[in-house]
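K.L.:
sequence plus predicted model, see below.
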Amino acid sequence: MITLKSQTRKFRSLSDFRKYARSSFKPDGSIVHPDDIELEQLPPYLAAGGDVILDGSVNLAITPEGLNARGDLYLRECTKLTRVAPNTTVTGSVYLDRCPSLLRISGPLSVGKNLSAPSCVSLRELPDGLRVPGWANLSGCQSLQSLPNGMRVGQWMDLTDCSQLRILPEHLYVRGWLSLANCSQLKAIPPGVSAAWTIDLSGCTSLEHLSDDMIVGESLIMHGCTSLKSLPAGLIVRKTLDLSECTELGALPADLLVADNIKLKGCNGIRIPKALIEKMGDRIEYPDNYEIVDQPSLSSAPEAA
């Protein structure tokens, strides 16, 4: 439960902030929400030798420009926060969980570890060239339509339920697993997208095509991609390929390589290369009806009429 403070103050200078909010400055270098003041504005270029903990600052609309935290930055459940200001530097992780009014995270932004911003339902913009050495959680950001160019994530990235996400940047790189589950407006995977672990595209009901050079380190999960029409030639999946309920997928490419299992439940009428059946054996989970073909094309795309 958030407890409202007895005063609301705008601090435009560091000297005033130190004078009137002494309880904010801790011996370990951290800066926390003051005991008896509700923050509406903080001075620019505020620097902390430890964490900056401002969870539940219900009147703070914009973070101070040039904010520098040598620990973590906590801004969870700041209900009026609309923007993270430019030139923010955080040695640790940034936590923006459940900030429903947040529209923009401005750049440049330097994050030393993780970026956590789940359920920021109004978030529309991330800074170009964003680098996250750890993990990035943007699940439930329902207004996010695109990711910035040059974005790279050092561990995993969760974009589950980003229902307005339409565009991924070319050469998006995630060094762990990548979840795009239920991104129902995403129509295509652009060139150069890669993840060292699993890519989850389940429930991407508008997705029609994958890029020819998409790299999947482990499993590729595409359950319920009901608009998927083809798989690229030469696709390699090092664990499981889940295509169950991909009802528009007409065929599997002849040169498909899957190390573990292929799941095809609900893909009724799909054409499966005979050579693939011989190679995979009982590692294919078949639909109720399918066609075995001897000499399919290398791509699973339907032939032109």
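P.N.:
Noted; the coordinates are in hand. Residues are numbered from 1 along each chain as shown.

K.L.:
give me the pLDDT value at the residue most central in space within the chain.
P.N.:
Relative to the mean C-alpha position of the chain, the nearest C-alpha, by Cα atoms, centre = their mean, is the one of L159, at 3.3 Å. With respect to pLDDT, L159 has a value of 98.

K.L.:
residue contacts, A117?
P.N.:
For A117, the contact set (Cβ atoms under 8 Å, 6 or more residues apart in numbering) comprises V94, L96, D97, C99, L102, I105, L123, N137, L138, C141. Glycine gets a C-beta too; all of them are placed from N, C-alpha and C.

K.L.:
what strand or helix carries the fourth one?
P.N.:
Translated: C99. Here C99 sits in a region with no helix or strand, counting by DSSP states H and E.

K.L.:
settle this for me: it is touching L75, isn't it.
P.N.:
Yes. Using Cβ atoms under 8 Å, C99 is in contact with L75, at 6.6 Å.

K.L.:
more crowded one of the two?
P.N.:
Comparing C99 with L75 by other Cβ atoms under 10 Å, the one with more neighbours is C99, at 25 against 22.

K.L.:
name the nearest residue to S13, sequence neighbours excluded.
P.N.:
Counting by Cβ to Cβ, 6 or more residues apart in numbering, the nearest residue to S13 once its immediate chain neighbours are dropped is P43, at 5.3 Å.

K.L.:
that neighbour: neighbour count?
P.N.:
Around P43 there are 18 residues (other Cβ under 10 Å).

K.L.:
just to be sure, it is in a helix?
P.N.:
No. Under DSSP: H, G, I helix; E, B strand; the rest coil, P43 sits outside any helix and is assigned coil.

K.L.:
any idea how far it is from D97?
P.N.:
25 Å (Cβ to Cβ, to the nearest Å).

K.L.:
redo the contacts of A117 as CSV? Include secondary structure and distance to R166.
P.N.:
As requested, these are exported to CSV (DSSP: H, G, I helix; E, B strand; the rest coil; distance: Cβ to Cβ, whole Å):
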residue, secondary structure, distance to R166
V94, strand, 25
L96, coil, 22
D97, coil, 24
C99, coil, 23
L102, coil, 20
I105, strand, 19
L123, coil, 15
N137, strand, 20
L138, coil, 15
C141, coil, 13
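
K.L.:
wait, which of these is closest to N261?
P.N.:
Distances from N261 to the contacts of A117, taken as Cβ to Cβ, are shortest for N137 (28.6 Å).

K.L.:
residue contacts, that closest one?
P.N.:
N137 neighbours (Cβ under 8 Å, 6+ apart): N114, L115, S116, A117, P118, M157, D158.

K.L.:
recalculate using a threshold of 10 Å.
P.N.:
Listed by Cβ atoms under 10 Å, 6 or more residues apart in numbering, the contact partners of N137 are 95-97, 114-119, 156-160, 179.

K.L.:
ok, now how distant is it from S116?
P.N.:
5 Å.

K.L.:
which residues are in contact with each of those two?
P.N.:
Both N137 and S116 are contacted by Y95, L96, D97, D158, under the criterion Cβ under 10 Å, 6+ apart.

K.L.:
those helices in the stretch 201-305 of the chain, which residues are they?
P.N.:
Applying DSSP state H, counting those that start in this stretch to the stretch 201-305 of the chain gives helices spanning 274-280.

K.L.:
so where is it shaky, pLDDT-wise?
P.N.:
Low-confidence segments of the stretch 201-305 of the chain, defined by pLDDT under 70: 295-305.

K.L.:
same check, this time on the stretch 1-150 of the chain
P.N.:
In the stretch 1-150 of the chain, residues with pLDDT under 70: 1-6.

K.L.:
show me where it has helices.
P.N.:
Under the criterion DSSP H, counting those that start in this stretch, helices of the stretch 1-150 of the chain are mapped to 14-20.

K.L.:
my read is Q155 is in a strand, agree?
P.N.:
No. Applying three-state DSSP, one finds Q155 to be coil, outside a strand.

K.L.:
near the nearest residue to Q41 once chain neighbours are set aside, how many other residues are there?
P.N.:
Of all residues not flanking Q41 in the chain, K10 sits nearest, at 3.8 Å (Cβ to Cβ, 6+ apart). Residues near K10, counting by other Cβ under 10 Å, number 11.
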